[in-house]
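In: what shape does this take:
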Amino acid sequence: MHRICVVTPAPPQSTRGNRVTAQRWARILRDLGHRVQVGESYDDEPCDVLVALHARRSATSIARFHERHPQRPIVLALTGTDVYRDIHTDAEARRSLELADRYVVLQPLAVQQLPAQLQPRAQVVVQSAVPPPGPRRPLPDLFEVSVLAHLRKVKDPLRTGRAARLLPARSRIRVVHAGGVLDEELGRAAKEEMATNPRYAWLGELPRRHALQILARSRCMVLSSTSEGGANVVSEALACRVPIIASRIPGSVGILGEDYPGYFTPGDTADLAAILYRVETDADLQRSLRHACARLAPLVDPATERASWQQLLASL
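Out: This is a model prediction of the structure:
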């Protein structure tokens, strides 16, 4: 049994991805027989293994743990911001890479962003998810499209609502968006979009279980991000067997695969509108998306994520 400290820069009540991931990993590690505590920083708690999310924002905790316990292992979980920005530009993030014994990445294409000599330290741990309880009941009179994304620039969160404006009048598509305001300008824009776009409803930040219920009942889910390390909402949609429409970015392609039929060009409103209307009206595309998601669903089985952590800890 190890004493494991999980450090994430997101506060305890946060619904942001890093905190959700940290809490899920803590449950997995406890199930594997370890003593686990989760905090925003490492403050000299008794600890055999440090698991730190975010190379730059947890850099102080990583350096402190290494200074106090130079022989004890550090596992660094690389977020999307790490993989596609900070480890290439930020000295603190690169120092965290040097100090860590192992890296967790959320999809295989992320490994390619690491320096070649460090790639052997990486292990892919695809995030798991389970559907909410109860039957999935899509709304009968609408073709509901869900967006689960906080309002921050990298999520491009208003893209789906704006794409809905381009749909033909006969379309039954309605976009339902759940997510908190992390960028005040985007918050104002979301309110304006909802006031002027009858196809778009922004519900603000919802409890996690309510957001998952909206996802589960929707006809498809859109992930419009311009960058992702490996979005948890993709795992949630796969677990719910909800077809995914995703921007073609490495963080999504790494999970869904090159040949997945539901991609659109990042930032291209017209391209997104076109595939949304095809999903609504083309039974063959609907069937293709459902089959692809069913084939990928075992990736997000909790047993798979648990086995990945068991393998990683055994390697320390």
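In: C-alpha only now, for contacts and for neighbours.
Out: Noted.
In: just the element for Ile214, please.
Out: Element membership of Ile214, judged by DSSP states H and E, is helix 208-217.
In: what helices or strands is that helix leaning on?
Out: On a contact count with 3 or more Cα pairs under 8 Å, 6 or more residues apart in numbering; DSSP states H and E, helix 208-217 meets strand 143-148, helix 232-240.
In: Val36: what's it in contact with?
Out: 3-6, 26, 29-30 (Cα atoms under 8 Å, 6 or more residues apart in numbering).
In: just the residues you listed now: which is nearest Asp82?
Out: Nearest to Asp82 among the contacts of Val36, counting by Cα to Cα, is Val6 at 17.3 Å.
In: A strand includes that closest one, no?
Out: Yes. According to DSSP: H, G, I helix; E, B strand; the rest coil, Val6 belongs to a strand.
In: roughly how far does the residue nearest to the spatial centre of the chain sit from Tyr200?
Out: By Cα atoms, centre = their mean, the chain has its centre lying nearest to Ala231, at 1.9 Å. Distance of Ala231 to Tyr200, given as Cα to Cα, to the nearest Å: 22 Å.
In: between the helix holding Ile214 and strand 143-148, how many degrees?
Out: Between helix 208-217 and strand 143-148, the angle comes out at 140 degrees (axes from the mean of the first three to the mean of the last three Cα atoms, to 10 degrees).
In: the very next helix or strand once past helix 208-217 packs against which elements?
Out: Tracing the chain past helix 208-217, the next element assigned as helix or strand by DSSP H and E is strand 220-223. For strand 220-223, the packing partners by 3+ Cα pairs under 8 Å, 6+ apart come out as strand 143-148, strand 244-247.
In: adding distance to Lys191, mean neighbour count and mean pLDDT, write these out as JSON lines.
Out: Output for the helices and strands packed on strand 220-223, formatted as JSON lines (distance: least, Cα to Cα, whole Å; neighbours: other Cα atoms under 10 Å; pLDDT from 0 to 100):
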{"stretch": "strand 143-148", "distance to Lys191": "15", "mean neighbour count": "25", "mean pLDDT": "98"}
{"stretch": "strand 244-247", "distance to Lys191": "24", "mean neighbour count": "24", "mean pLDDT": "98"}
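In: next, format the ones you listed as CSV and append distance to Ala164.
Out: Converted to CSV, those look like this (distance: least, Cα to Cα, whole Å):
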stretch, distance to Ala164
strand 143-148, 10
strand 244-247, 14
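In: closest one to Ala93 among those strands?
Out: strand 244-247 (26.6 Å).
In: ok, residues contacting the closest one?
Out: Under the contact criterion Cα under 8 Å, 6+ apart, strand 244-247 has outside partners 220-226, 234, 237-238, 252, 262-267, 276, 289, 293.
In: okay, and the beta partners of Leu50?
Out: Cys5, Ile74 (DSSP bridges).
In: circling back: of the helices and strands packed on helix 208-217, which is nearest Arg35?
Out: helix 232-240 (24.7 Å).
In: quick check: mean pLDDT across that closest one?
Out: Mean pLDDT, helix 232-240: 96.
In: and it, what does it pack against?
Out: helix 208-217, strand 244-247, helix 283-296.
In: how about these in a markdown table, adding distance to Pro132?
Out: Listed next are the helices and strands packed on helix 232-240 as a markdown table, based on distance: least, Cα to Cα, whole Å:
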| stretch | distance to Pro132 |
| --- | --- |
| helix 208-217 | 6 |
| strand 244-247 | 17 |
| helix 283-296 | 17 |
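In: quick one: the helices in this structure?
Out: With DSSP state H as the criterion, the chain has helices at 17-31, 59-68, 80-81, 87-89, 91-99, 159-164, 184-196, 208-217, 232-240, 250-256, 269-281, 283-296, 302-314.
In: go through these and name the closest to Ser128.
Out: helix 302-314 (5.0 Å).
In: now what about that closest one, what contacts it?
Out: Counting by Cα under 8 Å, 6+ apart, 28-29, 32, 123-130, 298 sit against helix 302-314.
In: and those residues, which are buried?
Out: 28-29, 123-129 (16 or more other Cα atoms under 10 Å).
In: pLDDT below threshold where in the stretch 1-150 of the chain?
Out: Low-confidence segments of the stretch 1-150 of the chain (pLDDT under 70): 12-17.
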